[in-house]
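>>> need coordinates for the below:
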Amino acid sequence: MSELKKIIKQISTEKGISEESVYETINSALAAAYRKDFGDLSQNIVAEYDIETGGLKVFDEKTVVEDLTEEENAGIEKLKEMREKRRIEMEETGKQLEKTLEEEQIEESIRKFNPKTEIELKAAKEIKKSYKIDDIIRTPLEVPGEFGRMAAQTAKQVIIQRLREAERDIIFSNFKERLGDVLQGIVQKRDGQNMVIDLDNANALLPYTEQIKNERFRLGDRIKVVLLAVDEEGKGPILRVSRATPKFVEKLFVSEIPEIANGVIAIKAIAREAGSRSKVAVYTDEEGIDPIGSCIGQRGSRIQTIISELNGEKVDIIQYSDNPVKFIAQALMPAKVTSVVLDEENKTATVSVPADQLSLTIGRDGQNVRLAVKLTGWKINIKEQYIEPTPAPKEESPEKEPEAAVETAEEKPVEKKEKKAAKKKTTKKKAVADEAAEEEPETK
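Numbers count the residues shown, from 1 in each chain. Got it, this is the predicted structure:
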């Protein structure tokens, strides 16, 4: 194996690029070098380098197209004149001049023809009569000598640029297929309030708006994120990740709860205020399976793992129902709802709750009802349940003999005690009077 072939193999392994892409990059670099030293502007240079022998072949490659009409040829000549005139005027005035309306109209009226990469059919038949439209004509070119220093520098720049482009394309295609997946990365650096996350062979941006509030990470921390978007821009694809999207909660449920992963339990809706609270509506049509219990796990083991990953964010698991009344009542939990009245036309629900449940139903700063609105898709109005006042007790009727009997039974012992006390008092007074009567004669 030649030294160059070993280098190509190593680059291919490190960058995750196919060897064919590296060969194409080398050929593009050699074509650029040839154009720099020996070519002219009318040639479409294509190079073929033989890795085994080290030989180089260079061609001027053109595609056969239909002949231009006389009107199109006249329009092309006029465009050349107008462009040359505009160029001279810009050099004299030093100002950038826009295309005239006439120039734009001529460009739109004629077929695009690039003499560098295309050749008319009549000209192609002069070379070889068997040529037809869409054939490729490759005219061999001679390599007069060795490439100069500037050509070598050009080739080097082309190789670096093409390898970067190929690497970006690989990253773009790989991550485009993983949109919405949870990825694990390492906090690499901070960019203002944003963070840059290293995802093995690519960097991803975690914007401040996609972070969980009050969450703090240090450089080198390993975190989970969900791939939100892959934006292809001039400098290459930009990966955007998030921890605040409801999709992150959904993917955590899928990874931690086997029943959701295998489709036995379905997540119907998620409403979330990142870092504070989430509501997740789950459903199953399998008998004997409790969707809420399955999500919570034994002694809360499953849901606690999810809450821990969400930095302590509260998670309410709701039983989904096709019946809007039941679903709205469930969505407002832990508050207890008395009644739900629906306005189908305006998709509005009026919910009545007891007075002691009113603040719980609304939640702190209206969070509970706000999340319920997002979860159900219904506008919800909360009102306090009206309780009729208790009527005053009616006067006792004399006909109620049982009550009178009780009253008499209660009063009878009291009267007996009073009579007994009065009798004792009378007896005592009589005894004192008798003693006084016996002593009186002796005194006289």
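>>> strand partners of whichever strand in the chain runs longest, parallel vs antiparallel please.
Longest strand in the chain, counting residues (DSSP state E): strand 222-233. Under the criterion DSSP bridges, strand 222-233 sits next to strand 182-191 (antiparallel), strand 236-242 (antiparallel) in its sheet.
>>> show me where pLDDT drops low in the stretch 1-150 of the chain?
1-2 (pLDDT under 70).
>>> now the helices for it?
For the stretch 1-150 of the chain, the helices defined by DSSP state H, counting those that start in this stretch occupy 3-15, 19-37, 70-93, 101-109, 121-127, 149-176.
>>> buried sites along the longest strand of the chain?
223, 225-228, 230 (16 or more other Cβ atoms under 10 Å). Every C-beta, even on glycine, is put in place using the N, C-alpha and C of the backbone.
>>> pLDDT for the residues you listed - can I get that in CSV?
As requested, these are exported to CSV (pLDDT from 0 to 100):
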residue, pLDDT
223, 93
225, 94
226, 93
227, 92
228, 90
230, 86
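>>> and the two most separated of the residues you listed?
The largest separation in the buried residues of strand 222-233, counting by Cβ to Cβ, is between 223 and 230 at 19.1 Å.
>>> ok, the residue nearest to the spatial centre of the chain - contacts?
Centroid-nearest residue in the chain: residue 245, 4.2 Å away (criterion: Cα atoms, centre = their mean). Neighbouring residues of residue 245 by Cβ atoms under 8 Å, 6 or more residues apart in numbering: 210, 226, 228, 272, 274.
>>> between those, which sits nearest residue 219?
The nearest one, if we look at the contacts of residue 245 relative to residue 219 and count by Cβ to Cβ, is residue 210, at 18.6 Å.
>>> just grab the bridge partners of the nearest residue to that closest one once chain neighbours are set aside for me.
Leaving aside its sequence neighbours, residue 210 sits nearest to residue 242 (Cβ to Cβ, 6 or more residues apart in numbering; 3.7 Å). Beta-bridge partners for residue 242, by DSSP bridges, are residue 226.
>>> distance of residue 242 relative to residue 208?
For residue 242, the distance to residue 208 equals 11 Å [Cβ to Cβ, to the nearest Å].
>>> these two: which is more packed in?
residue 242 (21 against 12; other Cβ atoms under 10 Å).
>>> which residues touch that one?
Going by Cβ under 8 Å, 6+ apart, the list of residues near residue 242 reads 206-207, 210, 225-226, 228, 248.
>>> before we move on, what about residue 246?
Taking Cβ under 8 Å, 6+ apart, we find residue 246 in contact with 270-272, 278.
>>> same thing but 6 Å
270, 272 (Cβ atoms under 6 Å, 6 or more residues apart in numbering).
>>> the one 3 residues further on too?
Shown here is residue 249, whose contacts under the criterion Cβ under 6 Å, 6+ apart are 270, 272, 278.
>>> name the helices or strands packed onto the helix or strand where the last one lies?
Secondary-structure element containing residue 278, defined by DSSP states H and E: strand 277-283. Applying 3 or more Cβ pairs under 6 Å, 6 or more residues apart in numbering; DSSP states H and E, one finds that strand 277-283 contacts strand 266-273, strand 314-319, helix 367-376.
>>> buried sites along the longest one?
Meaning helix 367-376. Here helix 367-376 shows 368-373, 375-376 as buried, counting by 16+ other Cβ under 10 Å.
>>> which one of the residues you listed is nearest to residue 20?
residue 375 (51.0 Å).
>>> and the closest residue to the closest one other than its chain neighbours, how close does it get to residue 348?
Distances taken as Cβ to Cβ, 6+ apart place residue 271 nearest to residue 375, at 4.0 Å, with adjacent residues excluded. Counting by Cβ to Cβ, the gap from residue 271 to residue 348 is 18 Å.
>>> state the pLDDT value of residue 375.
According to the prediction, residue 375 has pLDDT 94.
>>> next one: residue 242
94.
>>> one more: residue 345?
90.
>>> what's the local residue count around it?
So residue 345, with other Cβ under 10 Å, has 6 neighbours.
>>> which of the helices or strands spans it?
Per DSSP H and E: residue 345 is located in neither a helix nor a strand.
>>> contact partners for it?
No contacts exist for residue 345 under Cβ under 6 Å, 6+ apart.
>>> how near is it to residue 379?
12 Å.
>>> how about the helices in the stretch 251-400 of the chain?
For the stretch 251-400 of the chain, the helices defined by DSSP H, counting those that start in this stretch occupy 258-261, 291-296, 301-309, 324-331, 358-362, 367-376.
>>> turn those helices into TSV, including distance to residue 50.
Output for the helices of the stretch 251-400 of the chain, formatted as TSV (distance: least, Cβ to Cβ, whole Å):
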stretch	distance to residue 50
helix 258-261	52
helix 291-296	63
helix 301-309	55
helix 324-331	70
helix 358-362	78
helix 367-376	64
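>>> quick one, which of those is nearest to residue 182?
helix 301-309 (9.7 Å).
>>> mean confidence for that closest one?
Mean predicted confidence for helix 301-309 is 93.
>>> now what about it, what contacts it?
252, 256-257, 296, 315.
>>> likewise stretch 21-39?
For stretch 21-39, contacts defined as Cβ under 6 Å, 6+ apart pick out 8, 11-12, 45-47, 49, 58, 144, 147-148, 151, 154-155, 158-159, 162-163, 166.
>>> how about stretch 321-330?
If you take Cβ under 6 Å, 6+ apart as the criterion, stretch 321-330 is touched by 318-319, 337, 340, 342, 349, 376.
>>> pull out the buried positions in it.
For stretch 321-330, the neighbour count (16+ other Cβ under 10 Å) marks 321, 324, 327-330 as buried.
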